[in-house]
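Undergrad: Make a model of this:
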Amino acid sequence: MFQKNDNISVILALLLLAGILSTSFWWLTNKYSFNFKNSNSTINNNNIQKKPNINNQNTTPVSAPQTTFGSSINVPQGTTIKINGSTSMVQINQALKNRFEQQFAGIKVITNAQGTNQGIKLLQSRQIDLAAMSRFLTVEEQNQGLATVPIAQDEIAIVVGNNNSFRRSLTKNQVREIFQGKITNWSALGGANHPIKVINRPEISGTRQIFQEVVLEGENFGRSHNFITMERDATTPILRALASDGISYATYRQVVNQRTIRTVAIDGLTPEAINYPYQRTFSYAYLYPPSSQVRAFLEYVLSPQGQETIINTKN
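TA: Residues are numbered from 1 along each chain as shown. The predicted structure follows:
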(Lines give C-alpha, C1' and ligand atoms only; values in the text may rest on other atoms or scores of the structure.)
Protein backbone atom coordinates (compact mmCIF):
# COMPACT_ATOMS: atom_id res chain seq x y z
CA MET A 1 0.00 0.00 0.00
CA PHE A 2 2.76 2.39 0.99
CA GLN A 3 4.77 1.32 -2.06
CA LYS A 4 1.82 2.17 -4.34
CA ASN A 5 1.39 5.60 -2.74
CA ASP A 6 5.12 6.26 -3.10
CA ASN A 7 4.93 5.48 -6.82
CA ILE A 8 1.99 7.83 -7.29
CA SER A 9 3.85 10.57 -5.43
CA VAL A 10 6.92 10.16 -7.61
CA ILE A 11 4.83 10.34 -10.80
CA LEU A 12 3.03 13.46 -9.60
CA ALA A 13 6.34 15.09 -8.68
CA LEU A 14 7.79 14.35 -12.11
CA LEU A 15 4.73 15.79 -13.85
CA LEU A 16 4.93 18.92 -11.70
CA LEU A 17 8.65 19.33 -12.49
CA ALA A 18 8.00 18.94 -16.23
CA GLY A 19 5.31 21.61 -16.05
CA ILE A 20 7.62 24.01 -14.23
CA LEU A 21 10.44 23.45 -16.75
CA SER A 22 8.09 23.96 -19.72
CA THR A 23 6.73 27.18 -18.24
CA SER A 24 10.25 28.47 -17.53
CA PHE A 25 11.41 27.67 -21.05
CA TRP A 26 8.39 29.48 -22.53
CA TRP A 27 9.06 32.54 -20.37
CA LEU A 28 12.75 32.69 -21.27
CA THR A 29 12.21 32.36 -25.01
CA ASN A 30 9.58 35.08 -25.00
CA LYS A 31 11.46 37.43 -22.70
CA TYR A 32 14.75 37.25 -24.63
CA SER A 33 13.32 36.53 -28.09
CA PHE A 34 15.56 33.51 -28.67
CA ASN A 35 15.35 32.19 -32.21
CA PHE A 36 15.89 28.45 -32.56
CA LYS A 37 14.98 28.27 -36.24
CA ASN A 38 17.66 27.75 -38.87
CA SER A 39 16.80 30.62 -41.23
CA ASN A 40 18.71 31.61 -44.37
CA SER A 41 17.59 35.23 -44.09
CA THR A 42 19.80 37.64 -42.16
CA ILE A 43 17.55 40.69 -42.20
CA ASN A 44 14.08 41.90 -41.38
CA ASN A 45 12.40 42.13 -44.76
CA ASN A 46 9.18 43.84 -43.65
CA ASN A 47 10.08 46.99 -45.57
CA ILE A 48 11.17 45.32 -48.80
CA GLN A 49 8.80 46.13 -51.60
CA LYS A 50 6.09 44.19 -53.31
CA LYS A 51 7.03 40.53 -53.70
CA PRO A 52 7.75 38.44 -50.59
CA ASN A 53 10.03 35.79 -52.12
CA ILE A 54 13.18 37.77 -51.31
CA ASN A 55 13.87 35.31 -48.48
CA ASN A 56 14.28 32.36 -50.83
CA GLN A 57 18.01 32.84 -51.34
CA ASN A 58 20.94 32.01 -49.10
CA THR A 59 22.24 35.37 -47.89
CA THR A 60 25.30 34.23 -45.94
CA PRO A 61 28.53 32.44 -46.86
CA VAL A 62 28.40 28.71 -46.25
CA SER A 63 31.02 28.74 -43.51
CA ALA A 64 30.13 32.06 -41.84
CA PRO A 65 27.62 32.89 -39.11
CA GLN A 66 24.74 35.19 -39.91
CA THR A 67 24.87 38.97 -39.74
CA THR A 68 21.86 40.87 -38.46
CA PHE A 69 21.45 44.47 -39.57
CA GLY A 70 19.52 46.70 -37.20
CA SER A 71 18.25 50.26 -37.37
CA SER A 72 20.98 52.09 -35.42
CA ILE A 73 22.97 53.99 -38.07
CA ASN A 74 26.26 55.57 -37.01
CA VAL A 75 28.53 56.84 -39.79
CA PRO A 76 31.91 58.39 -38.86
CA GLN A 77 32.86 61.66 -40.56
CA GLY A 78 35.04 61.21 -43.64
CA THR A 79 33.70 57.75 -44.47
CA THR A 80 33.91 56.67 -48.12
CA ILE A 81 31.83 53.79 -49.47
CA LYS A 82 32.62 52.32 -52.89
CA ILE A 83 29.99 50.40 -54.87
CA ASN A 84 30.35 48.68 -58.24
CA GLY A 85 28.48 45.95 -60.07
CA SER A 86 25.21 45.38 -61.88
CA THR A 87 24.25 47.84 -64.61
CA SER A 88 20.62 47.13 -63.71
CA MET A 89 21.11 48.76 -60.32
CA VAL A 90 22.47 52.10 -61.58
CA GLN A 91 19.32 54.01 -60.64
CA ILE A 92 19.07 52.40 -57.22
CA ASN A 93 22.74 53.02 -56.44
CA GLN A 94 22.55 56.66 -57.50
CA ALA A 95 19.35 57.35 -55.58
CA LEU A 96 20.70 55.74 -52.40
CA LYS A 97 23.99 57.62 -52.79
CA ASN A 98 22.19 60.97 -53.04
CA ARG A 99 19.92 60.37 -50.04
CA PHE A 100 22.69 58.87 -47.89
CA GLU A 101 25.06 61.77 -48.54
CA GLN A 102 22.27 64.26 -47.83
CA GLN A 103 21.44 62.66 -44.50
CA PHE A 104 25.04 62.17 -43.33
CA ALA A 105 27.23 65.20 -43.96
CA GLY A 106 30.88 64.54 -44.78
CA ILE A 107 30.17 61.06 -46.17
CA LYS A 108 31.04 60.10 -49.74
CA VAL A 109 29.52 57.26 -51.75
CA ILE A 110 31.28 56.39 -55.03
CA THR A 111 29.24 54.31 -57.48
CA ASN A 112 30.13 52.57 -60.73
CA ALA A 113 28.45 49.92 -62.89
CA GLN A 114 30.80 47.51 -64.67
CA GLY A 115 28.58 44.46 -64.32
CA THR A 116 27.87 41.96 -61.56
CA ASN A 117 30.86 39.71 -62.28
CA GLN A 118 33.31 42.62 -62.31
CA GLY A 119 31.80 43.91 -59.09
CA ILE A 120 32.44 40.55 -57.45
CA LYS A 121 36.07 40.55 -58.61
CA LEU A 122 36.64 44.06 -57.24
CA LEU A 123 35.00 43.09 -53.95
CA GLN A 124 37.16 39.99 -53.60
CA SER A 125 40.29 42.10 -54.16
CA ARG A 126 38.99 44.64 -51.60
CA GLN A 127 38.92 47.49 -54.10
CA ILE A 128 35.27 48.22 -53.29
CA ASP A 129 33.02 47.84 -50.25
CA LEU A 130 29.84 46.54 -51.89
CA ALA A 131 29.05 44.69 -55.11
CA ALA A 132 25.65 45.41 -56.64
CA MET A 133 24.15 42.03 -57.58
CA SER A 134 21.45 41.15 -60.10
CA ARG A 135 21.99 37.41 -59.59
CA PHE A 136 22.58 35.07 -56.67
CA LEU A 137 26.03 34.29 -55.32
CA THR A 138 27.48 30.99 -56.45
CA VAL A 139 28.43 28.42 -53.83
CA GLU A 140 32.09 29.06 -54.68
CA GLU A 141 31.66 32.80 -54.05
CA GLN A 142 29.94 32.10 -50.74
CA ASN A 143 32.77 29.80 -49.69
CA GLN A 144 35.22 32.62 -50.42
CA GLY A 145 33.66 34.68 -47.64
CA LEU A 146 31.02 36.68 -49.52
CA ALA A 147 27.52 37.29 -48.22
CA THR A 148 24.55 39.15 -49.65
CA VAL A 149 21.68 41.23 -48.34
CA PRO A 150 18.60 41.36 -50.60
CA ILE A 151 17.34 44.93 -50.95
CA ALA A 152 14.59 44.92 -53.60
CA GLN A 153 12.52 42.85 -55.95
CA ASP A 154 12.66 43.61 -59.68
CA GLU A 155 11.00 42.42 -62.85
CA ILE A 156 12.67 41.49 -66.14
CA ALA A 157 10.66 43.08 -68.94
CA ILE A 158 10.41 41.74 -72.48
CA VAL A 159 10.72 44.77 -74.77
CA VAL A 160 10.09 45.66 -78.42
CA GLY A 161 10.41 48.92 -80.31
CA ASN A 162 7.49 51.33 -80.24
CA ASN A 163 7.10 51.08 -84.02
CA ASN A 164 6.99 47.28 -83.97
CA SER A 165 3.65 46.16 -85.45
CA PHE A 166 3.38 43.25 -82.99
CA ARG A 167 0.84 44.28 -80.34
CA ARG A 168 -0.09 41.02 -78.66
CA SER A 169 0.78 39.23 -75.46
CA LEU A 170 3.27 36.37 -75.47
CA THR A 171 3.15 33.13 -73.53
CA LYS A 172 6.10 31.99 -71.44
CA ASN A 173 6.65 29.13 -73.89
CA GLN A 174 6.70 31.54 -76.85
CA VAL A 175 9.27 33.76 -75.13
CA ARG A 176 11.44 30.72 -74.39
CA GLU A 177 11.27 29.55 -78.02
CA ILE A 178 12.08 33.03 -79.36
CA PHE A 179 15.23 33.27 -77.26
CA GLN A 180 16.21 29.69 -78.09
CA GLY A 181 15.96 30.41 -81.83
CA LYS A 182 12.99 28.09 -82.40
CA ILE A 183 10.60 30.89 -83.40
CA THR A 184 12.26 33.24 -85.88
CA ASN A 185 9.38 35.09 -87.60
CA TRP A 186 6.75 37.40 -86.14
CA SER A 187 4.09 35.66 -88.27
CA ALA A 188 4.44 32.55 -86.08
CA LEU A 189 3.14 34.71 -83.22
CA GLY A 190 0.25 36.24 -85.14
CA GLY A 191 2.24 39.25 -86.32
CA ALA A 192 3.56 40.45 -89.66
CA ASN A 193 5.71 38.28 -91.92
CA HIS A 194 9.06 39.70 -90.77
CA PRO A 195 12.10 37.97 -89.24
CA ILE A 196 12.55 38.41 -85.50
CA LYS A 197 15.80 40.11 -84.51
CA VAL A 198 16.85 38.92 -81.03
CA ILE A 199 19.08 41.40 -79.18
CA ASN A 200 21.02 39.59 -76.46
CA ARG A 201 23.37 40.74 -73.70
CA PRO A 202 27.01 39.57 -73.36
CA GLU A 203 27.71 36.38 -71.43
CA ILE A 204 29.20 38.29 -68.48
CA SER A 205 25.87 40.05 -67.87
CA GLY A 206 24.17 39.23 -64.57
CA THR A 207 20.82 40.07 -66.19
CA ARG A 208 21.53 37.56 -68.95
CA GLN A 209 22.46 34.88 -66.41
CA ILE A 210 19.28 35.34 -64.38
CA PHE A 211 17.21 35.52 -67.61
CA GLN A 212 18.65 32.19 -68.67
CA GLU A 213 17.80 30.71 -65.28
CA VAL A 214 14.29 32.18 -64.88
CA VAL A 215 12.98 32.52 -68.44
CA LEU A 216 14.85 29.74 -70.28
CA GLU A 217 14.69 27.49 -67.20
CA GLY A 218 18.43 26.87 -67.36
CA GLU A 219 18.56 25.99 -71.05
CA ASN A 220 20.88 27.70 -73.55
CA PHE A 221 20.18 30.72 -75.72
CA GLY A 222 19.82 30.15 -79.44
CA ARG A 223 22.70 30.83 -81.83
CA SER A 224 20.68 31.43 -84.99
CA HIS A 225 21.58 34.00 -87.63
CA ASN A 226 18.87 36.31 -86.25
CA PHE A 227 20.69 36.74 -82.90
CA ILE A 228 22.78 39.82 -82.15
CA THR A 229 24.90 39.76 -78.99
CA MET A 230 25.88 43.19 -77.71
CA GLU A 231 29.49 43.83 -76.72
CA ARG A 232 28.56 45.88 -73.65
CA ASP A 233 26.04 45.07 -70.93
CA ALA A 234 24.19 48.36 -71.28
CA THR A 235 20.46 48.89 -71.72
CA THR A 236 20.44 52.07 -73.84
CA PRO A 237 22.24 50.56 -76.89
CA ILE A 238 19.91 47.56 -76.71
CA LEU A 239 16.81 49.75 -76.83
CA ARG A 240 18.22 51.67 -79.79
CA ALA A 241 18.89 48.43 -81.67
CA LEU A 242 15.30 47.17 -81.36
CA ALA A 243 13.94 49.21 -84.30
CA SER A 244 10.77 47.70 -85.81
CA ASP A 245 11.70 44.02 -85.73
CA GLY A 246 13.76 43.46 -82.57
CA ILE A 247 13.03 41.92 -79.17
CA SER A 248 15.11 41.91 -76.01
CA TYR A 249 14.90 42.06 -72.21
CA ALA A 250 15.82 44.58 -69.53
CA THR A 251 15.25 45.41 -65.90
CA TYR A 252 11.80 46.97 -65.73
CA ARG A 253 12.77 50.04 -63.73
CA GLN A 254 15.18 51.04 -66.52
CA VAL A 255 12.52 50.99 -69.24
CA VAL A 256 9.28 51.88 -67.46
CA ASN A 257 9.45 55.53 -68.56
CA GLN A 258 11.05 54.97 -71.98
CA ARG A 259 8.90 56.29 -74.83
CA THR A 260 10.73 54.57 -77.68
CA ILE A 261 9.90 51.02 -76.56
CA ARG A 262 7.00 48.94 -75.26
CA THR A 263 6.95 46.11 -72.74
CA VAL A 264 5.24 42.91 -73.87
CA ALA A 265 2.70 41.29 -71.54
CA ILE A 266 3.47 37.68 -70.58
CA ASP A 267 0.40 35.43 -70.38
CA GLY A 268 -1.60 38.66 -70.18
CA LEU A 269 0.43 40.01 -67.23
CA THR A 270 2.46 43.22 -67.36
CA PRO A 271 5.51 43.77 -65.10
CA GLU A 272 3.38 45.79 -62.65
CA ALA A 273 1.34 42.69 -61.78
CA ILE A 274 2.20 41.06 -58.47
CA ASN A 275 2.19 37.60 -60.11
CA TYR A 276 4.25 38.62 -63.15
CA PRO A 277 6.37 35.54 -63.93
CA TYR A 278 9.81 37.05 -64.57
CA GLN A 279 11.09 38.35 -61.24
CA ARG A 280 14.49 38.55 -59.61
CA THR A 281 16.16 39.89 -56.49
CA PHE A 282 18.58 42.80 -56.30
CA SER A 283 21.13 42.58 -53.50
CA TYR A 284 24.41 43.95 -52.19
CA ALA A 285 27.31 41.57 -51.64
CA TYR A 286 29.96 42.25 -49.00
CA LEU A 287 32.96 40.54 -47.44
CA TYR A 288 32.13 38.82 -44.17
CA PRO A 289 32.28 40.17 -41.50
CA PRO A 290 30.97 43.56 -42.68
CA SER A 291 33.05 46.66 -42.00
CA SER A 292 31.55 49.53 -40.02
CA GLN A 293 30.85 51.57 -43.16
CA VAL A 294 29.24 48.62 -44.92
CA ARG A 295 27.05 47.91 -41.90
CA ALA A 296 26.00 51.57 -41.67
CA PHE A 297 25.11 51.79 -45.37
CA LEU A 298 23.15 48.52 -45.38
CA GLU A 299 21.24 49.54 -42.27
CA TYR A 300 20.22 52.71 -44.10
CA VAL A 301 19.25 50.76 -47.23
CA LEU A 302 16.97 48.50 -45.19
CA SER A 303 15.43 51.38 -43.22
CA PRO A 304 12.02 52.83 -44.20
CA GLN A 305 13.81 55.82 -45.78
CA GLY A 306 16.09 53.58 -47.81
CA GLN A 307 13.27 51.34 -49.01
CA GLU A 308 11.19 54.38 -49.97
CA THR A 309 14.14 55.65 -52.01
CA ILE A 310 14.37 52.33 -53.86
CA ILE A 311 10.65 52.18 -54.59
CA ASN A 312 10.71 55.73 -55.95
CA THR A 313 13.24 54.74 -58.63
CA LYS A 314 10.34 53.09 -60.47
CA ASN A 315 8.30 56.29 -60.62
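Undergrad: Going by C-alpha atoms from here, please, whenever you check contacts or count neighbours.
TA: Will do.
Undergrad: From G78, how far off is D154?
TA: Distance check for D154 against G78: by CA to CA, to the nearest Å, it reads 33 Å.
Undergrad: Of these two, which one has the most company?
TA: The neighbour comparison of D154 against G78 (other CA atoms under 10 Å) goes to D154, with 23 against 10.
Undergrad: list the contacts for the more buried one?
TA: 251-253, 279-282 (CA atoms under 8 Å, 6 or more residues apart in numbering).
Undergrad: Repeat that for Q77.
TA: Q77 is in contact with 105-107, counting by CA under 8 Å, 6+ apart.
Undergrad: any idea which of those has the most stuff around it?
TA: Among those, the one with the most neighbours (other CA under 10 Å) is I107, at 18 neighbours.
Undergrad: need the strands for the protein, in chain order.
TA: Using DSSP state E, the strands of the chain run over residues 80-85, 108-111, 130-133, 146-161, 197-200, 227-229, 246-251, 261-263, 279-287.
Undergrad: other SSEs contacting the first one?
TA: Packed against strand 80-85, as judged by 3 or more CA pairs under 8 Å, 6 or more residues apart in numbering; DSSP states H and E, are the following elements: strand 108-111, helix 116-124, strand 130-133, helix 292-301.
Undergrad: Contacts made by the second one with the rest, please.
TA: Under the criterion CA under 8 Å, 6+ apart, residues 83-87, 113, 128-135, 204-206, 285-287 lie in contact with helix 116-124.
Undergrad: quick one on the thing from earlier: among the contacts of Q77, which one lies nearest to A192?
TA: Taking CA to CA as the measure, A192 lies nearest I107 of these, at 55.0 Å.
Undergrad: wait, doesn't the closest one sit right on K97?
TA: No. Using CA atoms under 8 Å, I107 makes no contact with K97, being 9.7 Å away.
Undergrad: any idea how the chain splits into domains?
TA: What automatic domain parsing lists as the domains of the chain is 1-36, 53-154+281-312, 155-263.
Undergrad: mind giving me CSV with those and columns for distance to I274 and mean pLDDT?
TA: Putting the domains of the chain into CSV (distance: least, CA to CA, whole Å; pLDDT from 0 to 100) gives the following:
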stretch, distance to I274, mean pLDDT
domain 1-36, 31, 42
domain 53-154+281-312, 11, 87
domain 155-263, 10, 96
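Undergrad: Many thanks, have a good one.
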